[in-house]
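[1] mind folding the following:
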Amino acid sequence: MNKGYRIFSIILSILTAAATGFFLYQIITLNVLPAPLLICIIAVIVLIVLILLLLLLFMAKRSFSRIVVSVLTVVICAIVAFGGFNIYKTGNMIYNITTPEGKVANTISVIALKDSKIKDLRDLRDKKVGVLNTLDRVGTDKCLEEIANDNVTITQTGFDGLNAEVAALYDHSVDAVILNEARRGSVADNEQYMNFDEETKVVYQTVYYTDVAQGSAKKVTDITEQPFTVLISGSDSRNGFAEAGRSDVNMVATVNPKTHTVLLTSVPRDYYVTTQCDEGYGCAQGQLDKLTHTGLHGVETTKKTIENLLGIEINYTLRVNFNSVVNLVNALGGIDVFVPEGYAVPSFWTNPDYGVTEGENHLDGEGALAFARERYAYTEGDFQRVKNQQTVLMAIAQKAMSPSVIVNYSRLMDALGGALETDLSDDEIQKLIQNQIDNGGSWNFITTTLDGTGSTEFCAELGDSAYVTIPNEESVQAARNQIQEVLEGKPVTEGAPEAQSEQPAEQPQEETPAVEDQMVVEEPAVQEDIYYGEDQTYYDPNAVDPGYGY
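    All right, here's what the predicted structure looks like:
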């Protein structure tokens, strides 16, 4: 009995010492705890473990005392091992989101109709293939070069706009078209081609890579003392950060760590803005287009365009992979959102299996993604979608700060690592966490959305006319003033449309329908491209069937 206990106690002691060492190494390496607190935790853990090991190895003589000490040691060993593993996952998550992939894939496809006899590259020989004359020329030329290298001769038919190219495919004026995969969303947003994915097939594909960003973060000297701005950009890419896509979510977070204020300024995806980018990005520099198309040329293009719009300097970027929102929300056990009176949607256009009712709604990952992307079901279109996105992000933040996350903590860290990417350094993130732990205090969140009026204008990245939102200059100026007030530590005025102050833990966020507290929008932003067909008929979002989008 004594010999067996001796062997057991030695093995358990070694395991406990190893688990404790692993825990201490991880907590020191993570570097998010203030020094006094870190020293205190280390001292307490070491003292508890030493006392238990002394009792286990030398002082427990009776059977009862040996059982009690053994159980306590096993419990402490499990706790420090579990804690060390979760701290390791936290550090790994921070590393993943602060270490962006070096390249972005640009996929160029040759697309034919589903019922076409064309099956592969060889079947393209002597066929008519539609190409865009000016849009995506880098990718188009690379694709044409590879086709020629395979000794396949085609007849090119040029088009000035995306709509015209796709229309030619459908009316059989061409046998296939060359298309950047990042533009699929623009095609499918057209009511006439909403089933584009199901009605076509890819017969050939080529991929080329570009750098993630040629710019750099305009870092502040001390992120715990100085106010800063972060562009939150959400792409519609199907394959996350490694693939180019439109910027469907555009928010500027203005953070003042001294006043504990965060202002979220949302810019609608269809905002008609002057595109800005550095040389080499291939954007329509200086031309007017909807904001979402800037994402086709990288987050730096979106960043510079918004800087120009708001007259500010953006210090950092945070890219959100909304396809990973599903995993993130599920890892949190779902989120709760409040839907005001009049904003219930029985079935989302984005995912008919989900909808919301008035009042509190518990959403899983797929439901949260559908809620964040829905616009067809609302009279306000994109304006309401922007508000839904704000609601989802804040609900995620609130749930992530609740004690219940400990149950699925490891899964949550994995989900965060795949959902976010930022040029904030790991050191800056660690300092922010340290500062919050050290000083505590709640944060005041304020949300506002830029306003505008629906119109149909020429979009440079489409080479065609499309539905856009003309900026309301009063709204833009009010947002500029609010951002400046947060940066200067002043109380934020409520002059901008849609502005509303919220505390992190409060629900509901709104008591009245959003349409009552915003400036009138003449036409909802619900269509990407609204001219189509031989007679160029205008598609009016308000004239659709009563059940459309529900």
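[2] V32 and I76, how far apart?
    From V32 across to I76, the span is 23 Å (CB to CB, to the nearest Å). Yep, even glycine has a C-beta here, placed from its N, CA and C like the rest.
[3] no wait, A253
    Using CB to CB, A253 is found at 41 Å from I76.
[4] repeat for S186
    Per CB to CB, S186 is found 58 Å from I76.
[5] let me know the pLDDT of Y532.
    Note for Y532: predicted pLDDT of 30.
[6] thought L124 was touching I118?
    Yes - between L124 and I118 a contact is recorded at 6.3 Å, counting by CB atoms under 8 Å.
[7] what touches both of these two?
    Residues within reach of L124 and of I118 at once, by CB atoms under 8 Å, 6 or more residues apart in numbering, are D175, A176, V203.
[8] please identify which helix or strand holds the last one.
    So the one you mean is V203. If you go by DSSP states H and E, V203 is part of strand 200-211.
[9] paired strands for that strand, with orientation please.
    For strand 200-211, the paired strands and their directions (DSSP bridges) read strand 103-113 (antiparallel).
[10] N92 touches L416, doesn't it?
    No - the criterion here is CB under 8 Å, and N92 misses it with L416 at 10.2 Å.
[11] mind listing the helices for this structure?
    Using DSSP state H, the helices of the chain run over residues 2-30, 35-54, 63-98, 137-149, 162-170, 184-188, 196-199, 299-310, 325-331, 365-373, 382-400, 409-419, 426-439, 473-487.
[12] before we move on, the earlier item: list the buried residues of the strand holding V203.
    For strand 200-211, the neighbour count (16 or more other CB atoms under 10 Å) marks T200, K201, V203, Y204, T206, T210 as buried.
[13] between those residues, which is nearest V267?
    T210 (24.1 Å; CB to CB).
[14] what is that closest one paired to in the beta sheet?
    V104.
[15] show me where pLDDT drops low in the stretch 301-450 of the chain?
    By pLDDT under 70, the weakly predicted segments of the stretch 301-450 of the chain are 322.
[16] hmm, 80 instead?
    Along the stretch 301-450 of the chain, the parts satisfying pLDDT under 80 run over 321-324, 382, 401-408, 418, 440-441.
[17] count the residues that sit near R385.
    R385 has 27 neighbouring residues, counting by other CB atoms under 10 Å.
[18] rewinding a little: farthest pair within the buried residues of strand 200-211?
    Within the buried residues of strand 200-211, two members stand farthest from each other by CB to CB: K201 and T210, at 26.4 Å.
[19] circling back: more neighbours: L124 and I118, which one.
    The residue with more neighbours, out of L124 and I118, is L124; 23 against 20, by other CB under 10 Å.
[20] how near is the more buried one to E198?
    For L124, the distance to E198 - CB to CB - is 22 Å.
[21] repeat for V69
    66 Å.
[22] who has more neighbours, the two?
    Neighbour totals were compared for V69 and E198, and V69 leads with 21 against 9 (other CB under 10 Å).
[23] just checking, R411 touches A331?
    Yes - when contacts are counted by CB under 8 Å, R411 is listed as touching A331 (4.3 Å).
[24] list just the nearest of the shared contacts of L124 and I118 to I470.
    Using CB to CB, the shared contacts of L124 and I118 come closest to I470 at A176, 36.5 Å.
[25] can you pull the contacts of that closest one?
    So A176 contacts V110, I111, A112, S116, I118, L124, K127, K128, V129, G130, L169, V203 (CB under 8 Å, 6+ apart).
[26] before we move on, back to that, what would the helices of the chain look like in CSV with distance to Q285?
    Output for the helices of the chain, formatted as CSV (distance: least, CB to CB, whole Å):
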stretch, distance to Q285
helix 2-30, 43
helix 35-54, 49
helix 63-98, 30
helix 137-149, 15
helix 162-170, 19
helix 184-188, 20
helix 196-199, 29
helix 299-310, 9
helix 325-331, 32
helix 365-373, 29
helix 382-400, 25
helix 409-419, 31
helix 426-439, 31
helix 473-487, 21
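[27] and C277, which of the ones you listed is closest to it?
    Proximity to C277 (CB to CB) singles out helix 299-310 among those, at 4.1 Å.
[28] list the buried ones in the closest one?
    V299, E300, T301, T302, K303, K304, T305, I306, E307, L309, L310.
[29] now do the same contact list for the residue nearest the centre of the chain.
    Nearest to the mean C-alpha position of the chain, by CA atoms, centre = their mean, lies V320 at 1.8 Å. Neighbouring residues of V320 by CB under 8 Å, 6+ apart: I232, S233, G234, S235, V249, A419, L420.
[30] what would those residues look like in CSV with distance to A372 and neighbour count?
    Formatted as CSV, those follow (distance: CB to CB, whole Å; neighbours: other CB atoms under 10 Å):
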residue, distance to A372, neighbour count
I232, 13, 21
S233, 14, 23
G234, 8, 25
S235, 13, 26
V249, 8, 26
A419, 12, 24
L420, 15, 20
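[31] among those residues, show me the least confident.
    When those are compared by pLDDT, S235 scores lowest at 77.
[32] so how far is T357 from the residue nearest to that residue when sequence neighbours are not counted?
    Distance criterion CB to CB, 6 or more residues apart in numbering; nearest residue to S235, sequence neighbours excluded, is G245 at 4.0 Å. Note on G245: its distance to T357, by CB to CB, is 32 Å.
[33] more crowded one of these two?
    Just comparing G245 and T357: by other CB under 10 Å the higher neighbour count belongs to G245, 25 against 11.
[34] ok, now how distant is D222 from I11?
    For D222 relative to I11 (CB to CB), the value is 49 Å.
[35] ok, now A372?
    To I11, A372 is 51 Å away according to CB to CB.
[36] spit out the contact partners of A395.
    A395 sits next to I335, D336, V337, A368 when contact means CB under 8 Å, 6+ apart.
[37] now swap in V174 and tell me
    Contacts of V174 by CB under 8 Å, 6+ apart are K128, V129, G130, T157, E165, A168.
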